[in-house]
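Novice: The sequence and its predicted three-dimensional model are supplied below.
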Amino acid sequence: MADIEAKSNSETIKKYMALMFLINESEKRLNLSELFFLLLNLAVALFSINYISTFIVISADYVMQTFNIFFVLCCFAFGISICSYWITFSMRLQLKLKLRYFQARYMERKMDSAGEFIFSDEAPYFSPLIHKLESPDNKETLLYPSSGALRMDGFAGNAQPRHLSLFMPSVFIVIYLAMTLGVILKLYY
C-alpha cells in the first residue's frame with residue numbers, strides 16, 4: 001500500500017513540476033506578446049504621425065492629398081485591428097493561465113506540504129493588517145505598504161497583467177480615433 005502511495009506522490013510531483021514549467025512559459029509568452037504589440041502599435045502610430053506631418057500638411061494637390069488621407073486612415077484602421085487582436089490574444093492567454101493556477105492550487109492541496117504552498121497560501125499575506133513577513137528561520141524580513149494606493153491590495157499592488165492588457169490597447173484606440181478625427185476635420189476645414 002505504501003508503495004502505491006509513494007508512486008502516486010511521485011507522479012503528482014512530476015505533474016506539478018510540468019505545470020510550473022507551463023505557467024512560467026505562459027507568463028513569458030504573455031509578457032513578450034504584450035511588448036511586441038506595444039512596439040507594433042508605437043511603430044504604426046509614429047509612422048502615421050510622420051506621414052501626416054510630411055505629406056498631408058504640405059501637399060496642395062487634391063488627388064494626392066486624398067490618397068494620403070486614405071492611406072493614413074487605413075493605417076489607423078490597421079492600428080485599431082492590432083489593438084483588438086492584442087486584447088483577445090491576451091485575454092485568451094490569461095484564461096489559460098487562470099486554469100493553470102487553479103490546477104496548481106489543487107495539486108498543492110493534494111501534496112499537502114504544510115507551509116510550502118506557492119499559489120494557494122498567498123491571500124493571507126495581502127491583508128492590510130499584515131505589513132511585515134518574516135522567514136520561518138527568522139533571518140529575513142519583508143516589509144510592504146499596507147495603506148494608500150501602493151498597498152498590496154490597492155491600486156498599484158493590484159495591477160495585474162489583465163488590467164494592463166485592456167488599458168494599453170484602449171489608450172492606443174483613443175489615440176487612433178483622435179488622430180482620425182483630426183485628419184477628417186483638417187480635410188473639411
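Specialist: Received, thanks.
Novice: quick one: low-confidence ranges for the chain?
Specialist: Under the criterion pLDDT under 70, the flagged ranges of the chain are 1-8, 56-64, 113-128, 130, 133, 135-136, 142-163.
Novice: can you pull the buried residues of stretch 40-56?
Specialist: 40-41, 44-45, 48, 52, 55-56 (16 or more other C-beta atoms under 10 Å). All C-beta spots, glycine's among them, are computed from the backbone N, C-alpha and C.
Novice: Sort out for me which of those are in helices.
Specialist: Applying DSSP state H to the buried residues of stretch 40-56, the entries found in helices are 40-41, 44-45, 48.
Novice: those helices in the protein, which residues are they?
Specialist: 2-51, 62-111, 161-188.
Novice: With respect to Lys132, which of these lies nearest?
Specialist: helix 62-111 (24.5 Å; C-beta to C-beta).
Novice: and that closest one, what other elements does it pack with?
Specialist: helix 2-51, helix 161-188 (3 or more C-beta pairs under 8 Å, 6 or more residues apart in numbering; DSSP states H and E).
Novice: would TSV of those helices with distance to Leu73 be doable?
Specialist: Output for these, formatted as TSV (distance: least, C-beta to C-beta, whole Å):
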stretch	distance to Leu73
helix 2-51	9
helix 161-188	6
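Novice: out of those helices, nearest to Ile87?
Specialist: helix 161-188 (5.2 Å).
Novice: My read is that Leu97 contacts Glu25, right?
Specialist: No - with contacts counted by C-beta atoms under 8 Å, Leu97 stays clear of Glu25, the gap being 10.4 Å.
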